[in-house]
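Turn this into a model:
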Amino acid sequence: MSRSKAIKPRAIEPDVKYSSTLVTKLINRVMKSGKKTVAAAQVYQALDLVAHDTNQDAIEALETAIKNITPQMEVRSRRVGGAAYQVPTPVRGPRASALAIRWLVLESSKRPSGEFHSFGQKLAAEIKDALENSGGAIQKKLTSHKMAEANKAFAHFRW
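As a prediction, this is how the structure comes out:
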């Protein structure tokens with residue numbers, strides 16, 4: 001890795017329907033094989049379902065769900081003297097939101113297909129669960145925090 005310059009993050013265009021960069025990031029994470037139109041349709045379907053079921057604005061609901069999923073602490077491996085320690089470190093802004101979106105999409109895709117007919121419905125159900133602080137994405141966050149708490153003794157290895 002080059003140490004000469006700081007990497008400038010790429011600007012993300014807001015989506016067409018809601019003019020939100022958060023929705024664009026979610027669409028990009030849902031997208032498979034470059035099929036952005038399909039991913040956008042699924043995300044918009046999920047947001048419409050969430051807005052209909054919760055009686056609140058879709059963007060506000062999504063932002064609240066992402067905020068509930070966002071981790072504050074994580075463990076990172078640090079090699080000291082031939083041994084690898086799991087060192088708890090705080091999660092910075094861009095990584096925290098990226099983890100939250102990744103976990104939301106991953107746990108949505110894990111949901112069983114029996115009760116849901118499309119990925120949009122699975123995503124909507126996971127967003128609704130995240131609004132109520134339940135569901136798989138919230139469990140991922142809690143697991144991350146428990147790991148950080150359990151390895152607090154190694155915090156002095158933080159770099």
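
Can you pull out the low-pLDDT segments for the protein?
1-2, 154-159 (pLDDT under 70).

Tell me how many other residues crowd Ser109.
Other residues within reach of Ser109, judged by other C-beta atoms under 10 Å, total 14. For glycine as for every other residue, the C-beta is placed from the backbone atoms N, C-alpha and C.

Show the contacting residues for Met31.
Counting by C-beta atoms under 8 Å, 6 or more residues apart in numbering, Met31 touches 38-39.

which phi and psi does the most far-flung residue of the chain relative to its centre have?
What lies farthest from the middle of the chain is Gly81; by C-alpha atoms, centre = their mean that is 33.9 Å. Dihedral angles of Gly81 (phi, psi; degrees, to the nearest 10) stand at phi 60, psi 40.

From Ala51, how far off is it?
According to C-beta to C-beta, to the nearest Å, Gly81 stands 54 Å off from Ala51.

in the sheet, who's paired with Ala83?
Val80 (DSSP bridges).

Return the distance of it relative to Lys152.
17 Å.

These two - which one has more neighbours?
Using other C-beta under 10 Å, the more surrounded residue of Ala83 and Lys152 is Lys152, with 11 against 7.

wait, what's in contact with the more buried one?
Lys152 sits next to Pro88 when contact means C-beta under 8 Å, 6+ apart.

circling back to that earlier point, can you tell me how far the residue farthest from the centre of the chain sits from Gln72?
Counting by C-beta to C-beta, the gap from Gly81 to Gln72 is 29 Å.

Likewise for Met31?
Counting by C-beta to C-beta - Met31 and Gln72 are separated by 28 Å.

Tell me which stretches of the protein form strands.
73-80, 83-90 (DSSP state E).

Would you convert these into TSV that also reports distance to Gly135?
Formatted as TSV, these follow (distance: least, C-beta to C-beta, whole Å):
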stretch	distance to Gly135
strand 73-80	19
strand 83-90	24
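
For this structure, just list every one of the helices.
Ranges of helices within the chain are 21-30, 36-54, 58-69, 93-110, 119-131, 136-150, based on DSSP state H.

So which of the strands of the chain is nearest Lys141?
Taking C-beta to C-beta, strand 73-80 is the member of these nearest to Lys141, at 9.7 Å.

Would you mark the buried spots in that closest one?
Residues of strand 73-80 classed as buried: 73-75 (neighbour count, 16 or more other C-beta atoms under 10 Å).
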